[in-house]
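J.: Return atomic coordinates for the entry below.
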Amino acid sequence: MKHPLVQAAVVSLLLLASSRPAAADAVYVGNFTSGTIGVYDAATGGPINPNLISGLSDPAAIVIDNSGNLFVANNFSNNSVGKYNAHTGATINAGFITGLNIPTGLALDNTGRLFVTTNSGNVAVYNASSGALINANFITGLSRPAGMAYDGAGHLYVANYFANEIGEYNATTGAAINAHLITGVSLPDGIFLDGNRLYVANNGGGTIGVYNATTGAAINASLITGLGAPADVAVDRFGRLFAPTGVSTIGIFDATTGAPINPDFLTGLNSSNFFTILPTAVPEPGSIFLACVAVGAASGVWLRRKKAPAAEDER
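T.: Sure, this is the predicted structure:
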């Protein structure tokens, strides 16, 4: 995703993981300015298919479901959500959902519903199989909502970008559980839920913070600093945190300490200042899906483990 005022390029990323980072694992990266989605080896960063999907219109968020369907938010000029085969890149329905007002974030729950944030200040809900509208005003009154994260237990977290806060909502009714769960963040864009740890990419502060997802209390508000304008964050099940480290790079850090593991894990990503990071499990039987929702410059992510009652996930 990216916010139309601050960004010229965005990257959405998904990481598919098996039992360990191996050649079969994959990272899906959405390049905002080139209108493409590429796939990279999650262990080495090497390209698998840099142009898996092309011809997109400012892709701002991507998410993959448990059946290998990849959803893309095309914002700004297209204002739609497309649906593609995550294995082959083949188009299923480029206009799966249309008529949106700059879609910035995507999320999936474990009942087959697709959540979409837009510049209208709302979260809308659609049927992920048919694209049919379920509720256009599921959550309203937000200030350019960005990334989202679903916890698999009925809670939806939403980054409220211009309000500088993260809210928690009932994923069935849309009712606020705590609209001000986390405050004092700086233009929160991408969010990622790992267990009870909620990671927040502060687009305005150049930091990644981590918070208690139940209480909203800061665990470490400055876990990683000096990132410029990070638009997303994601954590794989091996404790590796993915975050943008430059205009066209994604780095890996220790998710507990924030220590850098490889600040230049992925490079040459189309000069993108903002990207959405979506780690998910490679489309293989029994693998894990960490999916993220992103927002042009924002993204939310949630995790679904094999045979667990969580949502398919992760900008």
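J.: and stretch 31-48, how far out from the chain's middle?
T.: Relative to the chain's own centre, stretch 31-48 is displaced by 15 Å; criterion: C-alpha atoms, centre = their mean, to the nearest Å.
J.: Revised request: answer the last question for stretch 68-88.
T.: For stretch 68-88 - counting by C-alpha atoms, centre = their mean - the centre lies 13 Å from the chain centre.
J.: Using PDB, write out every CA atom in that stretch.
T.: Extracted as PDB, the C-alpha positions of stretch 68-88 are listed here (Å, rounded to 0.1, in the frame of the first residue of the first chain):
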ATOM      1  CA  GLY A  68      -3.700 -20.700  -3.000                       C
ATOM      2  CA  ASN A  69      -5.800 -17.700  -4.100                       C
ATOM      3  CA  LEU A  70      -3.900 -14.500  -4.100                       C
ATOM      4  CA  PHE A  71      -5.800 -11.200  -3.700                       C
ATOM      5  CA  VAL A  72      -4.400  -7.900  -4.700                       C
ATOM      6  CA  ALA A  73      -5.600  -4.400  -3.900                       C
ATOM      7  CA  ASN A  74      -5.200  -2.200  -6.900                       C
ATOM      8  CA  ASN A  75      -5.500   1.300  -5.700                       C
ATOM      9  CA  PHE A  76      -5.400   4.900  -7.000                       C
ATOM     10  CA  SER A  77      -6.200   4.400 -10.700                       C
ATOM     11  CA  ASN A  78      -8.000   1.100 -10.600                       C
ATOM     12  CA  ASN A  79      -9.800   1.000  -7.200                       C
ATOM     13  CA  SER A  80     -10.400  -2.700  -7.300                       C
ATOM     14  CA  VAL A  81      -9.300  -6.100  -5.800                       C
ATOM     15  CA  GLY A  82      -8.100  -8.800  -8.200                       C
ATOM     16  CA  LYS A  83      -7.900 -12.500  -7.600                       C
ATOM     17  CA  TYR A  84      -5.000 -14.600  -9.000                       C
ATOM     18  CA  ASN A  85      -3.500 -18.100  -8.700                       C
ATOM     19  CA  ALA A  86      -0.700 -17.800  -6.300                       C
ATOM     20  CA  HIS A  87       1.200 -20.800  -7.900                       C
ATOM     21  CA  THR A  88       1.000 -19.800 -11.500                       C
END
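J.: buried residues in it?
T.: By 16 or more other C-beta atoms under 10 Å, the buried positions in stretch 68-88 come out as 68-76, 78-86. Where you see a C-beta, it was placed from the backbone N, CA and C, and this is true even at glycine.
J.: likewise stretch 202-214?
T.: Neighbour-count burial for stretch 202-214, counted by 16+ other C-beta under 10 Å, picks out 202-211, 213.
J.: Which ones among the buried residues of stretch 68-88 map onto strands?
T.: Members of the buried residues of stretch 68-88 lying in strands (criterion: DSSP state E): 69-74, 80-85.
J.: Same list, those residues, but as TSV with distance to Asn51 please.
T.: Supplementary listing: these in TSV, determined by distance: C-beta to C-beta, whole Å:
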residue	distance to Asn51
Asn69	19
Leu70	14
Phe71	18
Val72	14
Ala73	19
Asn74	16
Ser80	20
Val81	20
Gly82	15
Lys83	18
Tyr84	13
Asn85	15
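J.: Relative to Asn137, which of these is nearest.
T.: Val81 (17.1 Å; C-beta to C-beta).
J.: what sits against that closest one?
T.: 71-74, 96-97, 100, 103, 106, 114, 116, 126, 131 (C-beta atoms under 8 Å, 6 or more residues apart in numbering).
J.: Which residue, other than its chain neighbours, is closest to it?
T.: Closest residue in space to Val81, ignoring its immediate chain neighbours: Ile97 at 4.0 Å, by C-beta to C-beta, 6 or more residues apart in numbering.
J.: and if you look at Ile219?
T.: The spatially closest residue to Ile219, leaving aside those adjacent along the chain, is Val210, at 4.7 Å (C-beta to C-beta, 6+ apart).
J.: just to revisit the earlier point, pLDDT check: weakest of the contacts of Val81?
T.: Ranked by pLDDT, the contacts of Val81 bottom out at Asn74 (88).
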